[in-house]
Every structure is written in C-alpha cells, then in structure tokens.
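Asks: sequence and predicted model, in that order:
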Number of protein chains: 2
Amino acid sequence: MVRTVFEKPDAIALVAEVFRELGYEGASMSEITARTKLSKGSLYHFFPGGKEDMAAEIMAHIDSWFVTEMFQPLEEGEPRAAILNMWETTDSYFRSGRRVCLIGAFALDETRDRFSSAIRSYFHRWIEALAGALKRAGLPRLEARALAEEAVVGIQGALTLARALGDETIFGRMLERLKKRVEAALVR
Amino acid sequence: MVRTVFEKPDAIALVAEVFRELGYEGASMSEITARTKLSKGSLYHFFPGGKEDMAAEIMAHIDSWFVTEMFQPLEEGEPRAAILNMWETTDSYFRSGRRVCLIGAFALDETRDRFSSAIRSYFHRWIEALAGALKRAGLPRLEARALAEEAVVGIQGALTLARALGDETIFGRMLERLKKRVEAALVR
DNA sequence: GACCTTATAAACCGATCGGTCTATTAGAAA
DNA sequence: TTTCTAATAGACCGATCGGTTTATAAGGTC
C-alpha cells in the first residue's frame, strides 16, 4: 500500500482550498478527505479540534501571509512602492478573480459568528494599513481613509461579481480603476 | 392545538430570510422549520422539490422584485429619476447593509453551480440596466458601462464589508460615494 | 351542515454528518 | 538495526441530514 506523508503546512493549504470552494458548511469531512486525499486520521492528527480548528488555522495562516506580504509593507515601507506591491499581490493572490476570498465568504453566513474577531481584524488591518500608506504618501487623513475603504470594498465586490458572472476580466478591470484613482489622488 | 395557516408568498419570504442568514448549506431543514415555524409538511407542500426548489423560488422572487422596482425603471423610465430611485431602493432593500445579498452569497460557494444562470442573469441585468440609463442620461457608452459595473461591484463589496466589520455605516458611505461619482459624471 | 381542497403536524426513513478509536506504517534518531 | 514518535488508514459511533408518508385540521363552497 502506497502512503503519502504530509506536513501540516501542506495540510493547511489543501484544506483551505476546499473551504474556499465549498464554504464552511459545504465542506463536509467526506468532501475534504476526497479532495485533499488526507484521511480522517491525518486531518484529526493535524487539527484535533475538527472543522472549527481547521478553519481557525487556515484563517490565521491567510492572515499572517497578508501581514508579511501586504500589511507590513504598507505600514512600514515606502508608501508608494508598498501600494504598487498591493495591487500586484492582490491580483496574483486572488488569481485575477478566479479565487474566492475565504475570509470574505465566511463573513456572509453564520460562520461569521464563530470567527468574527478574526474576520473583523483582517479587513480592519487591511483598510488601516492602506489608509496609513496613503496618508504617508501625502493624502489628508480623511481622504486617505475614504480611498482605502473604497479600494478594499472594490476588491471584495469584484471577487463576488467575478464568480457571479463567471467573468475572468472584471476583477482586473476593477483593480486597474482603483489603481488609477489612487494615483490620480496622489499627484493632485 | 393552535395552527397558523400560511400562504406561499409568506413562506417564500420567511424561508428566504433563513437562507440569507445561514447560506444554502447552512440552512438545514430543522433550522428552517425552527426559524420560520413552518412544519416540514408545509414546506414540502409549498416546495415539493425540497431545498433546491425553495432556493430557486426565492431567487426568482427576488429577481422579479428587482425587475419591477429597479431594472425596468432604469431600462424604460426617465434615467436620472430611475438612478436616484436605485440608490434609495438599494439602501432600503439591504437595510443599510445589515441585510446580506442572497444571490451574491450563493455566488461564492458551490451553490453557484446549481443556480449559475439565475445568478449570472441577475447581476448582468442590473449592470446593463444601469449602464443603459447612464447612456440615455448622456454618458458615452464605454463610460456608462464602466460606471455601472463599478456601482454594482461597490454595492456588493460594501455588503460584504458591512458584515465582516460589523459596521452599520460603511454601506451608506459607499452608496453616497457612488452616487456622488455618478452625478459628477452626468454634469460633466 | 356536508363536502372538498389546501395546509399542517409529526413519526419515520436511509444516507450522511462530524467526530472517535484502534491498528498499522513511515521515517528520523540512536 | 533497533527503537520511538509522527502520520495514516479506515471501521465505527450517535446525531443530524434532506426527504417521505400518514393522519388530521382549516377554511372556503354549496
């Protein structure tokens, strides 16, 4: 009998993709084992707390990825470069809109109540980090805040519509518009 | 024993609210009976096809509501008035962001595959209707198309973030921004 | 009041749910 | 090579799933 041995980071990434595709309730243990090829034994070995544990670890993993790749550069780095990096990172992470935002999806149904603080802090930090960078790049505080909010809203909305319409181009168009708007505000 | 007698439109509205709160997979029959006070007998009387039937009827109901209240005015009425009506209707329908867009939520997980054509046509018609009104109000075709897309994207994104952040004000702010942007484009 | 259609209640069904448990294997350490 | 721990496989569990069925009550029509 051939057995594949996984390590926890791989398990997190594999299970994450199933939650992304099926949602929290839709991702049954049998679907998770079928799609990831991880047996129940493996899953409960890595995630003793079951589904809720999996989701929590996945969200923490996503959050820390965004912190290092996007939020910290926005918070601490050269603001204009960090903002340009954000557009790039967003486009590649969400695969030009073909990939769902798991944290955004969790926010919509009752799953939100289980993970409300993780969900809230993810989006809050994203908006605040971007607003901070915009301010350091020269925008007045209120304008920076509004523009940051609008960008994160636009990204989430575009992800929803990309899937709803089955349209591979809408996400890129929206990202381009947001980028132009930010650049226009900065040169003004 | 006291029995309450329902009619189908009431049943649709009650079940819709449960799907909205729990999502398609999360809305189990036991949760639906508990929250709506409709027994299984009643539910399968009104919806012989079960959950899938319920969801399909609910989406059709929502769609036809939007057609009469928003899309047809945008398509046939005086464009500026219809657009103003759209902001109002959107704000009140989504209860200033406290209410989830069920069709948008269905688009995110595998539920989309069951109802893909209904989901696609709802958003497609919304964008096209708004783009048409903007064009009739004087905007060039491409600009009207882009602005319409941006408005629907912004509404969906604001709904996601309103729930994610537990913020009752973000939806109104976003709607106001979109409205301003449309008006600015029209007077230009 | 008799009759009939529509709607309701709840017991019941097999299938699947999330989760537990035991036995076994892979692979690093000595 | 022996030993030990981390990882895997899958049978098994009670609870809940979506759905069916039977019996009964509501409420309009005559």
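Replies: That came through fine. Since this is a predicted model, take the numbers as computed values, not measurements.

Asks: quick check: the gap between residue A:32 and residue B:131.
Replies: 41 Å (Cβ to Cβ, to the nearest Å). Quick note: C-beta positions are derived from backbone N, CA and C, even for glycine.

Asks: for these two, indicate the residue with more neighbours.
Replies: Legend: neighbour count by other Cβ atoms under 10 Å in any protein chain shown for residue A:32 and residue B:131, higher for residue B:131 (23 against 19).

Asks: how about that one, what does it touch?
Replies: With contacts defined as Cβ atoms under 8 Å, 6 or more residues apart in numbering or on different chains, residue B:131 is in contact with B:141, B:144, B:145, B:147, B:148, B:149.

Asks: find the nearest non-adjacent residue to the third one, please.
Replies: Spatially, and ignoring its direct neighbours in sequence, residue B:145 is nearest to residue B:131 (4.7 Å; Cβ to Cβ, 6 or more residues apart in numbering or on different chains).

Asks: burial of whichever residue of chain A sits closest to DNA strand D, as a residue count?
Replies: Going by Cβ to the nearest atom of the strand, DNA strand D is nearest to residue A:41 of chain A, at 2.1 Å. Residues lying near residue A:41 (other Cβ under 10 Å) number 9.

Asks: so where is chain A shaky, pLDDT-wise?
Replies: A:1-3 (pLDDT under 70).

Asks: quick check: residues of it near DNA strand D?
Replies: A:1, A:3-8, A:11, A:37-42, A:44-46 (Cβ under 7 Å from any atom of the strand).

Asks: restricting to C-alpha, output the helix or strand encompassing residue A:178 in CSV.
Replies: Following DSSP states H and E, one finds residue A:178 within helix A:170-187. C-alpha atoms of helix A:170-187 as CSV (Å, rounded to 0.1, in the frame of the first residue of the first chain):
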residue,chain,number,x,y,z
ILE,A,170,-13.9,42.1,-14.3
PHE,A,171,-11.5,41.7,-11.4
GLY,A,172,-8.6,43.1,-13.4
ARG,A,173,-10.7,46.0,-14.8
MET,A,174,-11.8,47.0,-11.3
LEU,A,175,-8.2,46.7,-9.9
GLU,A,176,-7.0,48.9,-12.7
ARG,A,177,-9.7,51.5,-12.0
LEU,A,178,-8.8,51.6,-8.3
LYS,A,179,-5.1,51.9,-9.1
LYS,A,180,-5.7,54.8,-11.4
ARG,A,181,-7.9,56.5,-8.9
VAL,A,182,-5.3,56.2,-6.2
GLU,A,183,-2.5,57.5,-8.5
ALA,A,184,-4.7,60.5,-9.5
ALA,A,185,-5.3,61.4,-5.9
LEU,A,186,-1.6,61.2,-5.1
VAL,A,187,-0.4,63.5,-7.9
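
Asks: check which residues of it are buried.
Replies: By 16 or more other Cβ atoms under 10 Å in any protein chain shown, the buried positions in helix A:170-187 come out as A:170, A:171, A:173, A:174, A:175, A:177, A:178, A:179, A:181, A:182, A:185.

Asks: relative orientation of that helix and helix B:170-187 in degrees?
Replies: Interaxial angle of helix A:170-187 relative to helix B:170-187 (axes from the mean of the first three to the mean of the last three Cα atoms, to 10 degrees): 80 degrees.

Asks: gap between whichever residue of chain A sits closest to chain B and DNA strand C?
Replies: At 2.7 Å from chain B, residue A:157 is the closest residue in chain A, using Cβ to the nearest Cβ. Going from residue A:157 to DNA strand C by Cβ to the nearest atom of the strand, to the nearest Å gives 29 Å.

Asks: gap between that residue and residue A:42?
Replies: In terms of Cβ to Cβ, residue A:157 sits 37 Å off from residue A:42.

Asks: also residue A:144?
Replies: Taking Cβ to Cβ, one finds residue A:144 at 46 Å from residue A:42.

Asks: same question for residue A:182.
Replies: With Cβ to Cβ as the criterion, residue A:182 and residue A:42 are 44 Å apart.

Asks: quick one: the strands in chain A, in order.
Replies: For chain A, no strands turn up when DSSP state E is the criterion.

Asks: list of residues touching stretch A:150-161?
Replies: A:90, A:94, A:97, A:100-101, A:104, A:123, A:126-127, A:130, A:167, A:170-171, A:174-175, A:177-178, A:181-182, B:104, B:107-108, B:123, B:149-150, B:152-158, B:160-161, B:170, B:174, B:177.

Asks: picking that back up, which one of residue A:157 and residue A:42 is surrounded by more residues?
Replies: residue A:157 (29 against 18).

Asks: the longest helix in chain A is where?
Replies: Longest helix of chain A, by residue count under DSSP state H: helix A:141-165.
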